[in-house]
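Participant: Okay, here's the prediction I keep looking at, along with the sequence it came from:
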Amino acid sequence: MVNQASFEFVEEIDFEIIPYSLNFYRPARTSRDVLTQRAIYFVKIFFKDQPSIYGVGECAPIYGLSPEKEVDVNGLLSDALAIIKAEKCFNPKSVKLPAIRFAIETAIIDLLNKGRRILFGQLQNKTRFPINGLVWMNQYETMLDEAIQKVESGYNVIKLKIGGIDFEDEIRILSKLREKFGNRIIIRLDANGAFPSEEALTKLNRLAKYDIHSIEQPIKAGQWKDMELICATSPIPIALDEELIGIDDLEGKNELLSRIHPQYIILKPTLHGGFSGCDEWIAAATENNVKWWATSALESNIGLNAIAQWLAPKNVELEQGLGTGSLYLNNLSPAWVVNNGYLEFDGLDSLNKDISCLK
């Protein structure tokens, strides 16, 4: 089954919301904050006369970045599901908050595929695509060691979070990586909006000496005029991420891309409107000659499985950002595993067993 604009039900449906707390294996630091725990919600949707067959989705907002507010999510999620239950219909566009839309959209697609956790067509064990190895912010030595370990474990593309430690230390990390590995690795950077607009081009010119593939969101979102100038003059290709949040119509997406002219956009279904919203971003990107890849927004293995399945039939070429399943101490069992720089489908039995125990 492929994604569609709306879903209608002949039978009566019901739902269950299950709170869950994900604990990070170690604190995950960005230029915005430090994450140690994530409060998320799993959603089960089922037909009332067949409650043993259910679809599962995940609502995992990143508070402070997502439009959702922590105090409101449970209630808003319940309200949205109650409307769908009463109307026996779901149009993704009717749910404005992206993490809630992603959860419901995933659960309904899963339910209509008989609750098998097979969302977008058949999967085989050979299904796989390339991913980047993510290095979180930390002390200089720790970041450098982790980057080296990622390369030695098979990653050809390394993505480093920058903007939260001393800039000279970040330059030293890049210098050491190029010294050790030369140009046989690709380096991506993610600044999470850390650079002041007036300093961005100076910093980008210094970073460019290390043959950087791209940098995500060098300045904070919402500064379209400044971002347009940076995209036009930066020696490093620019990828937009946070800039996409809150733009939920195709006209607005085309307007942003045609005005700012980024080289890439980064798609996150939890932040950018679920599968339907991200498919619109892909259409807009194609129209405006902008390339794209997808990353996780730190979902559990339920969300990662859904995003990976959405990507699988798209024949992606660029390395995606979905190697985040090992970040948590108490994640559910993975359906996809990391192997030599690739994310590979490994089967759903263990994940389904864990899902059946959620209460």
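Facilitator: Ah, there it is.
Participant: Contact partners for S234?
Facilitator: Contact analysis of S234 by C-beta atoms under 8 Å, 6 or more residues apart in numbering lists A200, L201, L204, A208, I215, P218. (Each C-beta comes from the backbone N, C-alpha and C, glycine too.)
Participant: Kindly report the same for P313.
Facilitator: Shown in contact with P313 (C-beta under 8 Å, 6+ apart): F120, G121.
Participant: Next, the residue lying closest to F7 once chain neighbours are set aside: phi, psi?
Facilitator: Sequence neighbours aside, F90 is the residue nearest to F7 in space, at 4.6 Å (criterion: C-beta to C-beta, 6 or more residues apart in numbering). Phi and psi for F90, reported as degrees, to the nearest 10, are phi -140, psi 120.
Participant: ok so, going back, now, the contacts of S234 that are in strands?
Facilitator: I215 (DSSP state E).
Participant: out of the contacts of S234, who has the most neighbours?
Facilitator: When neighbours are counted by other C-beta atoms under 10 Å, P218 leads those with 31 neighbours.
Participant: And the pLDDT at that one?
Facilitator: We have a pLDDT of 97 for P218.
Participant: so it makes contact with I238?
Facilitator: Yes: P218 lies in contact with I238 (C-beta atoms under 8 Å); the separation is 6.7 Å.
Participant: what do the two both touch?
Facilitator: I230.
Participant: Output the lowest mean pLDDT helix or strand found in this protein.
Facilitator: strand 7-8 (a mean of 88; mean pLDDT, DSSP states H and E).
Participant: For that strand, what is the distance to the chain centroid?
Facilitator: 26 Å (C-alpha atoms, centre = their mean, to the nearest Å).
Participant: right, and T233 touches L201 too?
Facilitator: Yes: the criterion here is C-beta under 8 Å, and T233 meets it with L201 at 6.4 Å.
Participant: Can you work out which residues contact both of those two?
Facilitator: What both T233 and L201 touch, as defined by C-beta under 8 Å, 6+ apart, is an empty set.
Participant: Need the residues that contact the helix or strand hosting S350.
Facilitator: Element membership for S350, per DSSP states H and E: helix 349-356. Helix 349-356 is contacted by residues F42, V56, R117, N301, I302, N305, L332, S333, P334, A335 when judged by C-beta under 8 Å, 6+ apart.
Participant: Mind doing that once more with 7 Å?
Facilitator: V56, R117, N301, N305, L332, S333, P334, A335 (C-beta atoms under 7 Å, 6 or more residues apart in numbering).
Participant: Pull the number of nearby residues for Q263.
Facilitator: Neighbourhood size, Q263 [other C-beta under 10 Å]: 17.
Participant: From E243, how far out is it?
Facilitator: For Q263, the distance to E243 equals 13 Å [C-beta to C-beta, to the nearest Å].
Participant: Likewise for N330?
Facilitator: N330 is 32 Å from E243, by C-beta to C-beta.
Participant: Give me the more crowded residue out of these two.
Facilitator: Neighbour count, other C-beta under 10 Å: between N330 and E243, E243 has more, with 25 against 11.
Participant: Isn't that one up against Q217?
Facilitator: Yes: counting by C-beta atoms under 7 Å, E243 touches Q217, with 6.5 Å between them.
Participant: quick one: the helices in the stretch 51-200 of the chain?
Facilitator: Along the stretch 51-200 of the chain, the stretches classed as helices by DSSP state H, counting those that start in this stretch are 73-87, 98-112, 140-152, 167-181, 197-207.
Participant: can you pull out the helices in the stretch 201-350 of the chain?
Facilitator: Secondary structure of the stretch 201-350 of the chain (DSSP H, counting those that start in this stretch): helices located at 224-233, 250-260, 274-287, 301-311, 349-356.
Participant: The longest one packs against which elements?
Facilitator: Under the contact criterion of 3 or more C-beta pairs under 7 Å, 6 or more residues apart in numbering; DSSP states H and E, the helices and strands touching helix 274-287 comprise helix 98-112, helix 250-260, strand 264-267.
Participant: 8 Å instead, please
Facilitator: When contacts are defined as 3 or more C-beta pairs under 8 Å, 6 or more residues apart in numbering; DSSP states H and E, helix 274-287 packs onto helix 98-112, helix 250-260, strand 264-267, strand 291-294.
Participant: Tell me which residue lies nearest the centroid of this structure.
Facilitator: S296 (2.5 Å; C-alpha atoms, centre = their mean).
Participant: Test my guess that that one contacts L304.
Facilitator: Yes: contact criterion C-beta under 8 Å: S296 and L304 qualify, at 5.8 Å.
Participant: Between those two, which contacts overlap?
Facilitator: Listed as contacting both S296 and L304 by C-beta under 8 Å, 6+ apart are L322, T324.
Participant: Based on its surroundings, how many neighbours for the residue nearest to Y63 when sequence neighbours are not counted?
Facilitator: Of all residues not flanking Y63 in the chain, E70 sits nearest, at 4.8 Å (C-beta to C-beta, 6+ apart). Residues near E70, counting by other C-beta under 10 Å, number 11.
Participant: try D349
Facilitator: When neighbours are counted by other C-beta under 10 Å, D349 comes out with 10.
Participant: again with L271
Facilitator: 27.
Participant: In contact with it: list those residues for me.
Facilitator: Here L271 is in contact with I62, L65, S66, P98, A99, L244, I245, A297 (C-beta under 8 Å, 6+ apart).
Participant: For L97, see how far away it is.
Facilitator: Distance of L271 to L97, given as C-beta to C-beta: 10 Å.
Participant: now I307
Facilitator: 18 Å.
Participant: Looking at the two now, which is surrounded by more residues?
Facilitator: Taking other C-beta under 10 Å, I307 and L97 do not tie; I307 has more neighbours (28 against 22).
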